[in-house]
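Visitor: Quick one: sequence and predicted model below, then my questions.
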Amino acid sequence: MASEQRGAATHCRLYLISPERIEQPAIFADDLRAALDGGDVAAFQLRLKDVSDDAIVRAADTLRPVCQQRDVAFIMNDRPDLAVKLDCDGVHVGQDDMPYAEARRIVGPERQVGVTCKASRHLAMEAAEAGADYVAFGAFFPTKTKEPKTSADIDLLRWWSEIMVVPSVAIGGITIANAPALIEAGADFLAVSSGVWEHPDGAEAAVRAFNALFP
């Protein structure tokens with residue numbers, strides 16, 4: 001998902017984030033399949049909070065094949081060790097998790113490593129120069145899934161798209177209604193959780209609607 005070069009007009013894609021709890025992975029797998037039936041999805045990040053490693057393993061083993069069979073990158077949140085153990089396509093690390101270099105050492109050169117950079121140009125430049133496959137900025141809007149520590153300005157995406165080829169991921173409270181401003185500003189990916197899983201018409205309709213926005 002992270003190797004695309006920018007053209008005259010950036011093609012934005014969807015980056016799905018899981019709910020924080022998946023009590024029954026086999027049931028959620030049906031929701032994930034429905035979402036992927038809705039249109040193009042670049043990646044799915046398994047982001048489970050306050051659960052055991054066993055719960056993460058069960059969810060990953062159930063959901064990873066759903067993604068990989070459809071050429072959707074399966075990304076593990078926070079845990080490079082589990083990304084390797086569970087044969088994920090990559091890992092996403094936050095500023096409070098571990099340094100990029102350590103995550104890269106653990107997962108090796110073939111898997112993707114994305115880095116949360118909040119609203120910091122400095123952190124993003126450091127991550128890109130170190131070799132990150134993408135940088136994530138946010139939160140751009142209020143979010144129900146995570147208490148944001150920083151608020152990002154949309155101009156940050158515009159600045160990044162003008163000077164860097166490393167892709168950017170916009171995250172934080174993104175919905176079909178507020179997504180167009182992020183797309184116009186040059187975001188390469190929109191990371192969406194509740195905007196898909198809690199869409200009133202279902203995940204498939206949400207993904208279809210997001211894809212309709214992309215140039």
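Guide: That came through, no problem.
Visitor: Look at residue 190 and give its secondary structure.
Guide: Taking DSSP: H, G, I helix; E, B strand; the rest coil as the rule, one finds residue 190 in the strand state.
Visitor: now the helices for the chain?
Guide: For the chain, applying DSSP state H gives helices covering 25-37, 53-68, 80-85, 100-107, 121-130, 155-163, 179-185, 194-197, 203-213.
Visitor: Pick the most buried one from those helices.
Guide: Using mean count of other CB atoms under 10 Å, the stretch among the helices of the chain with the largest mean neighbour count is helix 194-197, at a mean of 22. To be clear about C-beta, it is placed using only N, CA and C from the backbone, and glycine gets the same treatment.
Visitor: Mean confidence (pLDDT) on that one, please.
Guide: Summarised as a single mean, pLDDT over helix 194-197 is 97.
Visitor: show me where pLDDT drops low in this structure?
Guide: 1-10, 145-149 (pLDDT under 70).
Visitor: if we go to 80?
Guide: 1-10, 144-150 (pLDDT under 80).
Visitor: so which of the helices of the chain gets nearest residue 91?
Guide: Relative to residue 91, the nearest member of these by CB to CB is helix 80-85, separated by 4.1 Å.
Visitor: Which residues does that closest one contact?
Guide: 53, 56-57, 60, 75-76, 88, 90-91, 93, 98, 102-103, 106-108, 111, 113 (CB atoms under 8 Å, 6 or more residues apart in numbering).
Visitor: Residue 126 and residue 117: what is the separation?
Guide: To residue 117, residue 126 is 8 Å away according to CB to CB, to the nearest Å.
Visitor: what's the answer for residue 99, then?
Guide: Distance, residue 99 to residue 117, by CB to CB: 13 Å.
Visitor: More neighbours: which of the two?
Guide: More crowded of residue 99 and residue 117, by other CB atoms under 10 Å: residue 117, with 28 against 14.
Visitor: What residues does residue 127 make contact with?
Guide: Going by CB under 8 Å, 6+ apart, residue 127 touches 100, 115, 117, 135, 166.
Visitor: Which of those residues sits closest to residue 11?
Guide: Comparing the contacts of residue 127 against residue 11 with CB to CB places residue 166 closest, at 15.5 Å.
Visitor: List the contacts of the nearest residue to the closest one once chain neighbours are set aside.
Guide: Spatially, and ignoring its direct neighbours in sequence, residue 166 is nearest to residue 128 (4.2 Å; CB to CB, 6 or more residues apart in numbering). Neighbouring residues of residue 128 by CB under 8 Å, 6+ apart: 135, 164, 166.
Visitor: If any of those residues are buried, give me the ChimeraX selection for them.
Guide: Entered in ChimeraX, the line below selects the buried ones among the contacts of residue 128, by 16 or more other CB atoms under 10 Å:
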select :135,166
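Visitor: Please list the members of the contacts of residue 128 that lie in strands.
Guide: Judged by DSSP state E, the contacts of residue 128 include residue 135 as members of strands.
Visitor: Quick one: the contacts of residue 128 as JSON lines, columns for distance to residue 200 too.
Guide: As requested, the contacts of residue 128 are exported to JSON lines (distance: CB to CB, whole Å):
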{"residue": "135", "distance to residue 200": "32"}
{"residue": "164", "distance to residue 200": "36"}
{"residue": "166", "distance to residue 200": "35"}
